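>>> Pasting a predicted model and its sequence here:
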2 protein chains.
Amino acid sequence: MTEIHYVRPQILHVTTPLQLVSGAELPSYDLVYETYGELNVDGSNAVLICHALSGDHHVTGFHEGDNKPGWWHDYIGPGKPVDTNEFFVVCSNNLGSCRGSSGPATINPNTGKIYGPDFPIVTCRDWVNSQNSLRQHLGINQWAAVVGGSMGGMQVMQWAIDYPDKLRHALVIAAAPKLSAQNIAFNEVARRAIMTDPEFHGGRFIEAGTTPKGGLALARMLGHLTYLSDDMMGAKFGRELRSESLKYSFDVEFQVESYLRYQGEKFATKQNFDANTYLLMTKALDYFDPAAEFNNDLSAAFAQTQASFLVVSFTSDWRFSPARSREIVRALLDNDHSVSYAEIESEHGHDAFLLPNAHYEGIFRAYMNRIKQEWHA
Amino acid sequence: MTEIHYVRPQILHVTTPLQLVSGAELPSYDLVYETYGELNVDGSNAVLICHALSGDHHVTGFHEGDNKPGWWHDYIGPGKPVDTNEFFVVCSNNLGSCRGSSGPATINPNTGKIYGPDFPIVTCRDWVNSQNSLRQHLGINQWAAVVGGSMGGMQVMQWAIDYPDKLRHALVIAAAPKLSAQNIAFNEVARRAIMTDPEFHGGRFIEAGTTPKGGLALARMLGHLTYLSDDMMGAKFGRELRSESLKYSFDVEFQVESYLRYQGEKFATKQNFDANTYLLMTKALDYFDPAAEFNNDLSAAFAQTQASFLVVSFTSDWRFSPARSREIVRALLDNDHSVSYAEIESEHGHDAFLLPNAHYEGIFRAYMNRIKQEWHA
């Protein structure tokens, strides 16, 4: 019989003010985080996981009472590519999120009231700075690796650029060096859906005793659409009908409509995602552009990085296509940095980075094994 | 000095009830239409243009007082590929639209009140049937060609299938033989945006003295996003800022956001597009699937067609990609039907079918010249 060890979130309360890229300051903040496995004696086996837009600190394992494991359990856990029997894995909930760390749904210590729309705009750099406080708190001198997919991959790049000596490996999965105009445009439509919902109340919906469920559900439907590939949706739904025959009405007619509505509603109600958080996360994505301060030269942005990189993309990902990952690879190669690149065949679009895939798993595992050999050597 | 001949819309009032695919019936209806050029003696030079989602009957030339010509003036008019000095060109506004033909914003003759949400669901087949009444009214035995882009191209296919002896040529531009699950999903998000707007009032917004501007603007923003290519948006906007520097706020930050908001607002206010019409048009798109009644065999659907086809697609069109046009071409070839196919290099996405392009113009012109030679022969 397998004994289940439940994981418990922990909280780091940081009282050193955090200077944000926007110019604003967080006087103090909480970071909720989880750890898995044990830090080894010389602290060389620590891996930081960075989460994506709607993710959280609960990467793998079970909370007591939960029947669903963490969001990346296919790749992180005992015996998984990031093997928690070998690595000490850390993941914190991003600032501005709604899963425990300080964010718009938490109390502003300056006012004693819910932040709501007053929570400042945060960027990838701000997240990395806050994660660096957690690193110090945990007594880790240098991460063996920082790992993330999508928005998580952007934080990985920012770590490599801002703290070059604090990580040995950077695993950037299904990411891009910046959003395209189209990516920003999708985010803007999602934000407009939320902000024009009359239940938004200028972001003070909690105080108004409501939530902009409709707008948030729309935003999620749209996001979900960009995470899935056309082929996969075709294979999964095609033009399959909800009923036996066409109804010729504005009710749901096709299965794909039903699925999307369900995803949107679940996100806005059962998962109770905070609308202000959705706005903040999409803005952080928009702002991510490490080349900007290097005269739009991505190679220059990566010049000071010291980490070895693994970059992974998925063929059917049209949100952050393989071409976007190749931009990262080229910029690293321009600097003669160590980089491995894998373009994984998958029909699952952007979501592929979370889903089982033998080729992806093999490459991920091989790379992590290589890291283990470094400290066993 | 060039004398300008202004065009004037005309109205056909049809009193024969129209049996709709949905099972509903329109007891009588108006079709607003325009014609350009002169019908020749044997009536062999008539060309029907079918319009797309937000289009209308005003294809080319100017209305008195207007400073903008019709929506396809680059390709239709005197000396243009569809040369109105040679062809008699006809275009009617689709049923369910909001530009003059019977639709949700017009009066229901049965009740004396605005149709609103009671206007029945219409399909491509219904439009073609109504256009066929116009054909009879104009005394045209057979169209020299039926021509349309996007949703217009779908009507062209429906014409060839339903009235095989009533057209000699079918020009299907930037279309698809049916929507993909992803296409339907985008339409569904747009419809949810409209229907969840509190100003929608269950479709009776005109009676309520309002319009669901916010939802309609969102729908248009999203539609617009799918009409443009990622590359084109990148070339046109990139990550260009609205102001000199980043503001780190939820105001518009990037030019592409500003552009999209403007397009959405213009559609909902200045262009005063009817929200119920938007719902109806997207449903008609969803329902279009001529293969469905042939056991999902598109080749079988085209078996009875007699027209010669020109099929045109655009490389950067991701709404209806070249692969979708090739499905049409293959199904026609399966039947040994006459078909020419051109895949036009363009960065303008789905919108390319409306925009100047020398290669596209050359192919369009050459094909129309070939039609002229038939009747001059």
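Good, I have the coordinates.

>>> Would you enumerate the residues in contact with the residue of the stretch 1-150 of chain A found nearest chain B?
Proximity of the stretch 1-150 of chain A to chain B (C-beta to the nearest C-beta) peaks at A:Ser22, 3.5 Å away. For glycine as for every other residue, the C-beta is placed from the backbone atoms N, C-alpha and C. Shown in contact with A:Ser22 (C-beta atoms under 8 Å, 6 or more residues apart in numbering or on different chains): A:Pro120, A:Ile121, A:Val122, A:Thr123, B:Tyr248.

>>> How about the secondary structure of the nearest residue to the fourth one once chain neighbours are set aside?
Ranked by C-beta to C-beta, 6 or more residues apart in numbering or on different chains and with sequence neighbours excluded, the top spatial neighbour of A:Thr123 is A:Val21, at 4.5 Å. The three-state label given to A:Val21 by DSSP: H, G, I helix; E, B strand; the rest coil is coil.

>>> Backbone dihedrals for A:Val21, please?
The phi/psi pair for A:Val21 (degrees, to the nearest 10) reads phi -60, psi -30.

>>> where's the residue of the stretch 1-150 of chain A closest to chain B relative to A:Ala208, distance?
26 Å (C-beta to C-beta, to the nearest Å).

>>> what's the burial count for the closest residue in space to A:Glu293 that isn't next to it in sequence?
In space, and not counting its chain neighbours, A:Glu293 is closest to A:Ala301: 7.5 Å by C-beta to C-beta, 6+ apart. When neighbours are defined as other C-beta atoms under 10 Å in any protein chain shown, A:Ala301 has 23 of them.

>>> Local confidence estimate at A:Trp375?
On the pLDDT scale, A:Trp375 is placed at 70.

>>> mind listing what it touches?
Neighbours of A:Trp375 in contact, by C-beta under 8 Å, 6+ apart: A:Asn40, A:Asp42, A:Ser44, A:Asn45, A:Ala144.

>>> pull the longest helix from chain A.
helix A:358-376 (DSSP state H).

>>> Same question for it: list its buried residues.
Neighbour-count burial for helix A:358-376, counted by 16 or more other C-beta atoms under 10 Å in any protein chain shown, picks out A:Tyr360, A:Ile363, A:Phe364, A:Arg365, A:Tyr367, A:Met368, A:Ile371.

>>> Those into JSON lines, with extra columns for pLDDT and distance to chain B?
Output for the buried residues of helix A:358-376, formatted as JSON lines (pLDDT from 0 to 100; distance: C-beta to the nearest C-beta, whole Å):
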{"residue": "A:Tyr360", "pLDDT": "98", "distance to chain B": "23"}
{"residue": "A:Ile363", "pLDDT": "98", "distance to chain B": "27"}
{"residue": "A:Phe364", "pLDDT": "98", "distance to chain B": "28"}
{"residue": "A:Arg365", "pLDDT": "98", "distance to chain B": "32"}
{"residue": "A:Tyr367", "pLDDT": "98", "distance to chain B": "30"}
{"residue": "A:Met368", "pLDDT": "98", "distance to chain B": "33"}
{"residue": "A:Ile371", "pLDDT": "96", "distance to chain B": "34"}
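
>>> Nearest to A:Lys166 among those?
Among the buried residues of helix A:358-376, A:Ile371 lies closest to A:Lys166 (C-beta to C-beta), at 15.1 Å.

>>> The closest one touches A:Val147, doesn't it?
No: with contact defined as C-beta atoms under 8 Å, A:Ile371 does not count as touching A:Val147 (10.3 Å).

>>> about what we covered before: mind picking the lowest-pLDDT entry from the contacts of A:Trp375?
A:Asp42 (92).

>>> Return the list of helices and strands in contact with the helix or strand harbouring the residue nearest to A:Glu293.
Per DSSP states H and E: A:Ala301 is located in helix A:298-302. Packed against helix A:298-302 by the contact rule (3 or more C-beta pairs under 8 Å, 6 or more residues apart in numbering or on different chains; DSSP states H and E) you find helix A:151-162, helix A:322-334.

>>> Please identify the buried residues of that helix?
Neighbour-count burial for helix A:298-302, counted by 16+ other C-beta under 10 Å, picks out A:Leu298, A:Ser299, A:Ala300, A:Ala301, A:Phe302.

>>> Quick one: those as a markdown table, columns for pLDDT too.
Formatted as a markdown table, the buried residues of helix A:298-302 follow (pLDDT from 0 to 100):
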| residue | pLDDT |
| --- | --- |
| A:Leu298 | 98 |
| A:Ser299 | 98 |
| A:Ala300 | 98 |
| A:Ala301 | 98 |
| A:Phe302 | 98 |
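
>>> Between these, which sits nearest A:Arg324?
Out of the buried residues of helix A:298-302, the member with the shortest distance to A:Arg324 (by C-beta to C-beta) is A:Leu298, at 11.0 Å.

>>> So the closest one sits against A:Ala292, correct?
No: shown here, A:Leu298 and A:Ala292 do not form a contact pair, counting by C-beta under 8 Å, at 9.8 Å.

>>> need the contact list for A:Ala144.
A:Ser44, A:Asn45, A:Ala46, A:Val47, A:Phe87, A:Leu167, A:Arg168, A:His169, A:Ile371, A:Glu374, A:Trp375.

>>> Which of those residues fall in strands?
Using DSSP state E, the members of these that fall within strands are A:Ala46, A:Val47, A:His169.

>>> Kindly check the end-to-end length of stretch A:95-109 for me.
Criterion C-alpha to C-alpha, to the nearest Å; first-to-last residue distance in stretch A:95-109 is 15 Å.

>>> Stretch A:173-189 now?
Stretch A:173-189 end-to-end distance (C-alpha to C-alpha) = 25 Å.

>>> ok, now which ones touch the residue nearest the centre of chain A?
Among the residues of chain A, the one closest to the centroid is A:Ala52, at 1.1 Å (C-alpha atoms, centre = their mean). A:Ala52 sits next to A:Gly148, A:Gly149, A:Ser150, A:Met151, A:Gly152 when contact means C-beta under 8 Å, 6+ apart.

>>> so who does the closest residue to A:Asp56 other than its chain neighbours touch?
Excluding the flanking residues, the one nearest A:Asp56 by C-beta to C-beta, 6+ apart is A:Arg99, at 3.8 Å. Going by C-beta under 8 Å, 6+ apart, A:Arg99 touches A:Val32, A:Asp56, A:His57, A:His58, A:Asn93.

>>> Serialize these to a markdown table and add fields for distance to A:Asn187, neighbour count and pLDDT.
Formatted as a markdown table, the contacts of A:Arg99 follow (distance: C-beta to C-beta, whole Å; neighbours: other C-beta atoms under 10 Å in any protein chain shown; pLDDT from 0 to 100):
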| residue | distance to A:Asn187 | neighbour count | pLDDT |
| --- | --- | --- | --- |
| A:Val32 | 25 | 20 | 98 |
| A:Asp56 | 20 | 22 | 97 |
| A:His57 | 23 | 25 | 98 |
| A:His58 | 25 | 25 | 98 |
| A:Asn93 | 21 | 24 | 98 |
